[in-house]
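J.: with the input below, show me the fold.
(chains A, B, C and D)
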Protein chains: 2
Amino acid sequence: MYRIEFSNFFTSAFSVDCIIFGYSEDKIKALLIKRSVKPFENYWAVPGDLVYPDEDLPQAAERVLFELTGLKNVEMHQSETFGNPKRHPEGRVITISYFALIRIEDFEVKASSWAEEVSWVPIFEVPKLAFDHNHILNSTFNLLCQKLQNDPICFDLLPDRFTLNEFQKLYEYAFQVEMDKANFRKKIKNIPLVAHEEKQKNVNHRPAKLFSFNKENFEKLTELGDCRFKM
Amino acid sequence: MYRIEFSNFFTSAFSVDCIIFGYSEDKIKALLIKRSVKPFENYWAVPGDLVYPDEDLPQAAERVLFELTGLKNVEMHQSETFGNPKRHPEGRVITISYFALIRIEDFEVKASSWAEEVSWVPIFEVPKLAFDHNHILNSTFNLLCQKLQNDPICFDLLPDRFTLNEFQKLYEYAFQVEMDKANFRKKIKNIPLVAHEEKQKNVNHRPAKLFSFNKENFEKLTELGDCRFKM
DNA sequence: GCAAAAGTGTTTGGATTACACCCATGC
DNA sequence: GCATGGGTGTAATCCAAACACTTTTGC
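T.: Coordinates of the predicted model:
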């Protein structure tokens, strides 16, 4: 029935690649590592590695991310799968990419295992990467942009307390557009935000109010069909 | 460095599953096959099979679909990847799901290989399927619904010439809502449709005009930022 | 006072909604 | 004639864009 023995199907491997997005200095950044091993030695790459044959994919993504960057307890979402037979020089390896959104300030990253260095690189300033990682990263960033338009995931990137300007700049950077301040604020007025007493400090202009996203309220409103996230 | 030999990573297999969506009788349907082999003999399933170790994924999806259903020349899009280590009884098999949208009338389907029967099943009337195929199908249908809101893919499901009512009913079925006829027509008035002289026939009411989607014009308009598809 | 960004209000035109009405066909 | 859906118009409302203006801080 098959043109090869059934058992010969079981000769492939797979890997996971973890695209970690963060936001700081008004830029969306991806976490990259510098490879200290062949192939693509000394190239920057997305953190990723082979999956053990008895390991589930989301677990593998968590493990690999931790081994290479020290990051843990981040929520991973599946992105795309890349399976070109020639994409890996050592054999057939298909890779499943995962992505996560984190608040850069809340985590510490540290290169380990065969990662020589880690770095947060602004998404529009990424150099030539190992393997097909530029392709993987770009297509995952596109997915992120889509989600930014339809789901309240921007709050996973913003600090717990943020100004409305930081919020706006996140969208301006993602979509490379400029937005009107007054209109932006009108647009988001349905999103349940909590205003804090505390204000921005040490700025040479009027300090901005700090806000937090009220996730519980948002979920109640969406259940009632009362608030749909649309940017 | 790894807890197993490097070569032992190369002991897995992967498969592709093809979710083919169509639209007829005001219902969105999926193409299912009846398995004549173990495991899950006599269960209905999504067409899918193992990928050869030297085969690219999109090609595998095309081949498998053709072998089981006779369908060819359909444009496949990647959906999700399912990799639970226990999802296949014969060993580690991760599956990449692909989906396609076709005009049911334009194709003929015919069961072959180990598919005993093929059938178009309305998406809300799908029985218990083999493996984790209900899960795969549902989550791909959700993806389809998302795309129906943001991309002009509804025209891949509708016949080349369609009435505005058929168009509306497609959305009503997908989202299980009722829409106002007049308002629906206003909403779609930016979409470049071609009105034909030809009319609907053999209906016991005023015959409806037939329309086609003008893809070239749509693409010109989107490039100019003049027309964004939003439903 | 000045620069810089925070924060708000107004106007306008275009979409969305709900609803009413007329039209063409088969029987 | 009547049932059935095709097809269009209107008024009220909501929303988005453009733009102007006031406020609060550091220096």
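J.: could you chop chain A up by domain?
T.: A:12-150, A:154-223 (automatic domain parsing).
J.: TSV for those, including distance to B:Val16 and mean neighbour count?
T.: Any C-beta I mention is one placed from the backbone N, CA and C, and that applies to glycine too. Shown next, in TSV, are the domains of chain A (distance: least, Cβ to Cβ, whole Å; neighbours: other Cβ atoms under 10 Å in any protein chain shown):
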stretch	distance to B:Val16	mean neighbour count
domain A:12-150	9	18
domain A:154-223	32	14
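J.: can you tell me which helix in chain A is longest?
T.: When every helix of chain A is counted residue by residue (DSSP state H), the longest turns out to be helix A:133-150.
J.: what's opposite A:Phe211 in the beta bridge?
T.: A:Phe162, A:Ala195 (DSSP bridges).
J.: tell me how far it lies from A:Ala174.
T.: The gap separating A:Phe211 from A:Ala174 is 19 Å, by Cβ to Cβ, to the nearest Å.
J.: also A:Glu105?
T.: 19 Å.
J.: what sits against A:Phe218?
T.: Neighbouring residues of A:Phe218 by Cβ atoms under 8 Å, 6 or more residues apart in numbering or on different chains: A:Pro152, A:Ile191, A:Pro192, A:Cys227, A:Phe229.
J.: before we move on, what about A:Leu221?
T.: Counting by Cβ under 8 Å, 6+ apart, A:Leu221 touches A:Asn190, A:Pro192, A:Cys227.
J.: quick one: contacts for A:Asn165?
T.: Per Cβ under 8 Å, 6+ apart, neighbours of A:Asn165: A:Lys181, A:Ala208.
J.: is the host helix or strand of it up against DNA strand C anywhere?
T.: For A:Asn165, the host element (DSSP states H and E) is helix A:164-175. Yes. Counting by Cβ under 7 Å from any atom of the strand, DNA strand C is contacted by helix A:164-175 at A:Leu164, A:Asn165.
J.: chain center to the next helix or strand after that helix: distance?
T.: Next helix or strand after helix A:164-175 toward the C-terminus (DSSP H and E): helix A:181-187. From the chain centre to the centre of helix A:181-187 is a distance of 26 Å (Cα atoms, centre = their mean, to the nearest Å).
J.: same check, this time on stretch A:160-173
T.: 17 Å.
J.: now stretch A:175-188
T.: With Cα atoms, centre = their mean, you get 23 Å for stretch A:175-188.
J.: what's the answer for stretch A:19-36, then?
T.: For stretch A:19-36, the distance to the chain centre is 8 Å (Cα atoms, centre = their mean).
J.: straight-line length of it, end to end?
T.: End-to-end span of stretch A:19-36 (Cα to Cα, to the nearest Å): 19 Å.
J.: up against chain B, what does chain A have?
T.: A:1-4, A:8-14, A:50-57, A:78, A:80-81, A:83-85, A:91-92, A:94, A:96, A:113-114, A:146, A:150 (Cβ under 8 Å from any Cβ of the partner chain).
J.: packing partners for the host helix or strand of A:Ile20?
T.: According to DSSP H and E, A:Ile20 maps onto strand A:13-24. Contacts defined by 3 or more Cβ pairs under 8 Å, 6 or more residues apart in numbering or on different chains; DSSP states H and E place strand A:13-24 against strand A:27-35, strand A:48-50, helix A:57-69, strand A:93-101, helix A:133-150, helix A:154-157.
J.: tabulate those (TSV), appending distance to DNA strand D.
T.: Output for these, formatted as TSV (distance: least, Cβ to the nearest atom of the strand, whole Å):
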stretch	distance to DNA strand D
strand A:27-35	21
strand A:48-50	38
helix A:57-69	35
strand A:93-101	24
helix A:133-150	12
helix A:154-157	16
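J.: including mean pLDDT, could those go into a markdown table?
T.: Below are these laid out as a markdown table (pLDDT from 0 to 100):
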| stretch | mean pLDDT |
| --- | --- |
| strand A:27-35 | 98 |
| strand A:48-50 | 96 |
| helix A:57-69 | 97 |
| strand A:93-101 | 97 |
| helix A:133-150 | 96 |
| helix A:154-157 | 97 |
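J.: would you reformat those as TSV and include distance to B:Glu62?
T.: Putting the helices and strands packed on strand A:13-24 into TSV (distance: least, Cβ to Cβ, whole Å) gives the following:
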stretch	distance to B:Glu62
strand A:27-35	33
strand A:48-50	28
helix A:57-69	25
strand A:93-101	17
helix A:133-150	21
helix A:154-157	37
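J.: which of the ones you listed sits closest to B:Glu223?
T.: Judged by Cβ to Cβ, the one of the helices and strands packed on strand A:13-24 that comes nearest to B:Glu223 is helix A:133-150, at 17.4 Å.
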